[in-house]
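Participant: Structure for the following, please:
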Amino acid sequence: MTLRDGPDTPRSGFDPDSSKVYLVGGGIASMAAAAFLIRDADAIGANITILEESGVVGGALDATGTAEDGYMMRGGRMFESKYLCTFELFEDIPALDGRSSVTQDILAWNQTLKTSSKSRLVRDGQRRTAPRFGLSEQHILGLEGLVLLPESILGTASIADKFDPSFFKTDFWFMWCTTFAFQPWHSAVEFKRYLARFVHMVSGFDRLEGIMRTRYNQYDSLVRPLRQWLESRGVVFTFATRVTDLAIREGDGEMTVEGISYRRDGHGGRIEVEANDLVIVTLGSMVEAYTLGSMDAAAPQATERQGGAWGLWETLATGRPAFGRPSVFADHVAQSKWVSFTTTLRDPTFLRRLLDLTGNVPGEGGLITFPQSPWLASIVAPYQPHFIGQPEDVAVFWGYGLTVDAAGAFVPKPMADCSGAEIMTEILGHLGFQADAEAILRTSTCIPCMMPFITSQFLRRAPGDRPAPVPAGSRNLGFIGQFCELPRDVVFTVEYSIRSAQVAVGELAGLERRPPAVYQGALDPRVAFKAFMALHDIDS
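Facilitator: This next block holds a predicted model:
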């Protein structure tokens, strides 16, 4: 049943039978937008083109490599039950095996293997099961007050502006900041949104209860099924194509894209855009300019942007305040960078020792953080296999450090300057596995990954720094991804990218079907009471 014939009308004159749609960027936001156009707007798949600068789709939801050379993931995003847009979209996308939808597969998998950590924190090589938050009454009042305070009053304040230094030494902070990748200098507004958005998870946070995982890595579990579904409907994926500018006609308070400039194989070109066509751009990039190291070499630190995502946004925003301020997010690498690492294990010793220490089988425990680590490092051992086709005698785990310019406790070098072997040495030291370190290192491949912009979306910002999914006056241009503004929802999530796509498509195509409201558990007295008890370290 079509849902186009509602009270809204397309801004662009969008016609599902003839309009062409150009999606700039091949991440999960663009792929979701293509799916919504086909499913909800009756668009013809062959009329939709995704223009991607690299040779792969999925954006930050990547996973690649081999058992021989080592697997690699830049990162993984947590899931939870209130990702309403994500689960609703993937209910219509078959899993790769075709036996169920992706959503059904995720829900069934998390019934089979529920997260319940017995070792959320590890100190001195000893696990801490269900660690106390350790918050003072002043800290709790600060958290509660922050949730209630209007964003307009918070302005560009940082988290550190709202809490005294003792707050950042509590186990609540260690668990919260490493689960979500916050730093004290990040935006208090984003921290407030996270507190409100995930208040229903506070009562089980010391065991990571409520956090969900996909059966495999998110590229295999989400990106590949969605791409397969889109390609089966004729969607065109055009790779190695960097969009450099949009020709926008402006006048009478309206803006209409008339052309797309791009470069491919060293040559420039232009796509003509008709008035009833749509252009939807993924702004910015969390993973632009990432670099990889090896067991013997650190990941190089990029000194300049190497891709087109930030450059395109800067070009579009010049002279157009409604398009946001990309420099707010792109020009502070020291405050947005960190290093992740993926380790491929060809010997069972590490996972055997980890099981003995944590009491959790791989996939059950979730993130393990080392509060004594100057790098503020964490690791997670997922269920094996984590990659489709991964051999039975090979395992994979992932980790990251938030404070990458500090010298380690066991390796006296900044994490940013460490090879994979050195990163593994530091991790093994915090776990207390030194006796087996030589054997583990000899049979492992650890690949470091430096990401200069990975938490750029958390940087302090003001209203207007992120544009609306469809800017005022736009006839056929929309913005999606982590750097457009969606009130109340939280960036650095798959849900945010997918919600932004649904909002932009809905407005541009005039759809009646719009995203469900963002879940706000703080408005539920039962949820608020459980969170109150947990913050006070009172067992309910």
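Participant: How many neighbouring residues does residue 26 have?
Facilitator: 25 (other C-beta atoms under 10 Å). (Glycine included, C-beta is placed from N, CA and C.)
Participant: from what I can see it touches residue 57, true?
Facilitator: Yes. Taking contacts as C-beta atoms under 8 Å, residue 26 lies within contact range of residue 57: 4.0 Å.
Participant: Can you pull the residues that touch both of the two?
Facilitator: 50, 237 (C-beta atoms under 8 Å, 6 or more residues apart in numbering).
Participant: And residue 411, how far from residue 501?
Facilitator: 42 Å (C-beta to C-beta, to the nearest Å).
Participant: how far does stretch 332-347 stretch from start to finish?
Facilitator: 40 Å (C-alpha to C-alpha, to the nearest Å).
Participant: quick one: average pLDDT of it?
Facilitator: If you average the pLDDT over stretch 332-347, you get 96.
Participant: Mind listing what's buried along it?
Facilitator: 332-333, 336-347 (16 or more other C-beta atoms under 10 Å).
Participant: Neighbour count for residue 411 and residue 501, which is higher?
Facilitator: In this view residue 411 and residue 501 are compared by other C-beta under 10 Å, and residue 501 has more residues nearby, 32 against 21.
Participant: OK, contacts around that one?
Facilitator: 29, 30, 32, 33, 36, 280, 480.
Participant: pLDDT on the strand or helix carrying it, on average?
Facilitator: Here residue 501 is covered by helix 494-509, with elements defined by DSSP states H and E. Averaged across helix 494-509, pLDDT comes to 97.
Participant: In strands, which of the buried residues of stretch 332-347 fall?
Facilitator: Counted as lying in strands by DSSP state E, out of those, are 338, 339, 340, 341, 342, 343, 344, 345.
Participant: As a markdown table, these with distance to residue 216 would be great.
Facilitator: Listed next are these as a markdown table, based on distance: C-beta to C-beta, whole Å:
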| residue | distance to residue 216 |
| --- | --- |
| 338 | 24 |
| 339 | 24 |
| 340 | 18 |
| 341 | 19 |
| 342 | 14 |
| 343 | 17 |
| 344 | 15 |
| 345 | 17 |
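Participant: Which one of the residues you listed is nearest to residue 396?
Facilitator: Proximity of those to residue 396 (C-beta to C-beta) peaks at residue 344, which lies at 5.7 Å.
Participant: I'd say that closest one and residue 73 touch.
Facilitator: No. Using C-beta under 8 Å, residue 344 is not in contact with residue 73, being 11.0 Å away.
Participant: Would you mind giving both backbone torsions of residue 382?
Facilitator: phi -80, psi 170 (degrees, to the nearest 10).
Participant: Quick check, it in contact with residue 397.
Facilitator: Yes. With contact defined as C-beta under 8 Å, residue 382 counts as touching residue 397 (7.1 Å).
Participant: List the residues that are in contact with both of the two.
Facilitator: With C-beta under 8 Å, 6+ apart, residue 382 and residue 397 have common neighbours residue 362.
Participant: Nearest residue to residue 73 in space, ignoring adjacent ones along the chain?
Facilitator: residue 63 (4.7 Å; C-beta to C-beta, 6 or more residues apart in numbering).
Participant: How about the contacts made by the one you found?
Facilitator: So residue 63 contacts 71, 72, 73, 217, 218, 219, 220, 387 (C-beta under 8 Å, 6+ apart).
Participant: Kindly recompute the last result at 10 Å.
Facilitator: For residue 63, the contact set (C-beta atoms under 10 Å, 6 or more residues apart in numbering) comprises 71-76, 216-221, 223-224, 342, 386-388, 396, 398.
Participant: could you give the mean pLDDT of stretch 52-63?
Facilitator: Mean predicted confidence for stretch 52-63 is 94.
Participant: Need the distance between the two termini of that stretch.
Facilitator: End-to-end distance (C-alpha to C-alpha), stretch 52-63: 17 Å.
Participant: Model confidence for the nearest residue to residue 391 once chain neighbours are set aside, exactly?
Facilitator: Sequence neighbours aside, residue 67 is the residue nearest to residue 391 in space, at 5.1 Å (criterion: C-beta to C-beta, 6+ apart). Confidence at residue 67, expressed as pLDDT, is 96.
Participant: Repeat that for residue 540.
Facilitator: Looking at residue 540, the pLDDT reads 60.
Participant: ok, back up a step: give me the subset of the contacts of residue 63 that lies in helices.
Facilitator: Those of the contacts of residue 63 mapping onto helices are 218, 224, per DSSP state H.
Participant: Filter the contacts of residue 63 down to the buried ones and express that as a PyMOL selection.
Facilitator: Those of the contacts of residue 63 that count as buried under 16+ other C-beta under 10 Å are selected in PyMOL with:
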select buried, resi 71+72+73+74+75+76+216+217+218+219+220+221+223+224+342+386+387+396+398
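Participant: before we move on, which element is residue 145 in?
Facilitator: helix 137-148.
Participant: For that helix, which residues meet the burial criterion?
Facilitator: Result for helix 137-148 [16+ other C-beta under 10 Å]: buried residues 139, 143, 144, 146, 147.
Participant: Next: stretch 402-421.
Facilitator: Result for stretch 402-421 [16+ other C-beta under 10 Å]: buried residues 402-404, 406, 408, 411, 414-421.
Participant: likewise stretch 421-432?
Facilitator: Buried residues in stretch 421-432 (16+ other C-beta under 10 Å): 421, 422, 423, 424, 425, 426, 427, 428, 429, 430, 431.
Participant: Report the secondary structure state of residue 352.
Facilitator: Assigned with DSSP: H, G, I helix; E, B strand; the rest coil, residue 352 falls in the helix class.
Participant: Please enumerate the strands of the stretch 101-250 of the chain.
Facilitator: Using DSSP state E, counting those that start in this stretch, the strands of the stretch 101-250 of the chain run over 121-123, 126-128, 236-238, 242-251.
Participant: Pick the most deeply packed of the ones you listed.
Facilitator: strand 121-123 (a mean of 20; mean count of other C-beta atoms under 10 Å).
Participant: Identify all contacting residues around it.
Facilitator: Under C-beta under 10 Å, 6+ apart, the answer for strand 121-123 is 127-131, 171, 174-175, 178, 206, 357-358, 367-373, 378-379, 430-432.
Participant: mind showing which ranges of the stretch 301-450 of the chain have poor pLDDT?
Facilitator: 303-306 (pLDDT under 70).
Participant: Would you state the strands of it in chain order?
Facilitator: 338-345, 368-369, 377-380, 395-401, 444-451.
Participant: would TSV of those with distance to residue 308 be doable?
Facilitator: Converted to TSV, the strands of the stretch 301-450 of the chain look like this (distance: least, C-beta to C-beta, whole Å):
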stretch	distance to residue 308
strand 338-345	23
strand 368-369	35
strand 377-380	32
strand 395-401	26
strand 444-451	17
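Participant: Minimum distance to residue 351: which of these has it?
Facilitator: Nearest of these (C-beta to C-beta): strand 395-401, 5.4 Å.
Participant: name the helices or strands packed onto that closest one?
Facilitator: strand 70-72, strand 338-345, helix 349-358, strand 368-369, strand 377-380, helix 420-431, strand 444-451 (3 or more C-beta pairs under 10 Å, 6 or more residues apart in numbering; DSSP states H and E).
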